[in-house]
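Undergrad: predicted structure and sequence below. I'll ask about it afterward.
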Amino acid sequence: MAIKVELFTSSLCSRCVQAKAVLRDLIRELGDEQFQLHFIDVVENLDYAVEIGVLTTPALAVNGTLICSSLPGRRKLRGLLLQQIVR
Amino acid sequence: MASEKAKGYSIGEVTARLGISADTLRYYEKISLLPPICRAASGVRVYDGHDLSRVRFIQRAKAMNFTLEEIRQLLEMRENPQHARKDVRELTRRKLKEIESHMQELATLRNELTLLINLCHSSKAGCPIIDGLDSPASK
């Protein structure tokens, strides 16, 4: 079953644009078929973002659980995604 | 608060400390939410630390919309928890659950407002929330 990856972003968040690009790239590298990637705008999905525990953007959740409240560097992010595959 | 216990306070000092009116204090005494307050030789009321503590409890309970009757029972529990009546213990448990639920709601609201403030800070072009409110789509 594909791993659900949700990146919480907002439209005027400068770090979010970069985070989207890095995440797309990493998922392509690790295998698209292993992941379901969603970009969630926090303002349009405020209740859901708060429920997950998002306090700032960009934030990353995997299978409905917040794993990063601020995105780490590419290498660490790759490691986090790999851990999800191994589980 | 330890220093309050030994001291006596006039009604004016109590109203200033607790942000409560003198009329309300006298009313609480009239309906026995407060025990009869000690009087000085001149007849003026002298409140002690125990009275202040009781009034603070009443204020907190009122802020949670507890009824005066519920507050009366909780004060009974407060005075002697180990010997409280069964129905009073039950009321205390129910009120505790209400408060926990209320705290959960407040935590959710706090998190929502924290997220909104952080979104404003992270936007170079200004606050996305306010901008969103001003946009034609939101009207």
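TA: Structure's in. What do you need? Residues are numbered from 1 along each chain as shown, chains lettered A, B, ... in the order given.

Undergrad: can you give me the neighbour number for A:G53?
TA: The number of residues packed near A:G53 is 14, by other Cβ atoms under 10 Å in any protein chain shown. Every residue, glycine included, has its C-beta placed from N, CA and C.

Undergrad: out of the helices and strands in chain B, which is least certain?
TA: helix B:128-134 (a mean of 53; mean pLDDT, DSSP states H and E).

Undergrad: residues of the longest helix along chain A that come out buried?
TA: Selection of the longest helix in chain A by residue count, based on DSSP state H, yields helix A:14-30. By 16 or more other Cβ atoms under 10 Å in any protein chain shown, the buried positions in helix A:14-30 come out as A:16, A:19, A:22-23, A:26-27, A:30.

Undergrad: closest one to chain B out of these, please.
TA: Nearest to chain B among those: A:C16, at 8.3 Å, using Cβ to the nearest Cβ.

Undergrad: how about that closest one: what's its closest non-neighbour residue?
TA: Of all residues not flanking A:C16 in the chain, A:T9 sits nearest, at 3.7 Å (Cβ to Cβ, 6 or more residues apart in numbering or on different chains).

Undergrad: tell me the contacts of B:F57?
TA: Applying Cβ atoms under 8 Å, 6 or more residues apart in numbering or on different chains, we find B:F57 in contact with B:71, B:74-75, B:78.

Undergrad: TSV for the residues you listed, including secondary structure?
TA: TSV is the format used below for the contacts of B:F57 (DSSP: H, G, I helix; E, B strand; the rest coil):
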residue	secondary structure
B:I71	helix
B:L74	helix
B:L75	helix
B:R78	helix
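
Undergrad: now the buried members of those.
TA: Buried residues within these, counting neighbours by 16+ other Cβ under 10 Å: B:71, B:74-75, B:78.

Undergrad: could you identify the helix or strand that succeeds the longest helix of chain A?
TA: strand A:35-41 (DSSP states H and E).

Undergrad: so which elements touch that next one?
TA: If contacts are counted by 3 or more Cβ pairs under 8 Å, 6 or more residues apart in numbering or on different chains; DSSP states H and E, strand A:35-41 sits against strand A:3-9, helix A:14-30.

Undergrad: that one: which residues count as buried?
TA: Residues A:35, A:37, A:40-41 are the ones in strand A:35-41 that count as buried (16+ other Cβ under 10 Å).

Undergrad: contacts for that strand?
TA: Strand A:35-41 is contacted from outside by A:2-11, A:20, A:23-24, A:27, A:48-49, A:81, using Cβ under 8 Å, 6+ apart.

Undergrad: which among these count as buried?
TA: Applying 16+ other Cβ under 10 Å to the contacts of strand A:35-41 flags A:3, A:5-11, A:23, A:27, A:49, A:81 as buried.

Undergrad: how close does the closest residue to A:L30 other than its chain neighbours get to chain B?
TA: Leaving aside its chain neighbours, A:L30 sits nearest to A:L81 (5.9 Å; criterion: Cβ to Cβ, 6+ apart). The gap separating A:L81 from chain B is 23 Å, by Cβ to the nearest Cβ, to the nearest Å.

Undergrad: farthest pair within the buried ones among the contacts of strand A:35-41?
TA: Spatially, the most separated pair among the buried ones among the contacts of strand A:35-41 is A:I3 and A:S11, at 25.9 Å (Cβ to Cβ).

Undergrad: and the angle for the host helix or strand of B:S101 with strand A:3-9?
TA: In the assignment (DSSP H and E), B:S101 maps to helix B:86-122. Inter-element angle recorded for helix B:86-122 and strand A:3-9: 70 degrees (by axes from the mean of the first three to the mean of the last three Cα atoms, to 10 degrees).

Undergrad: fine by me, thanks again.
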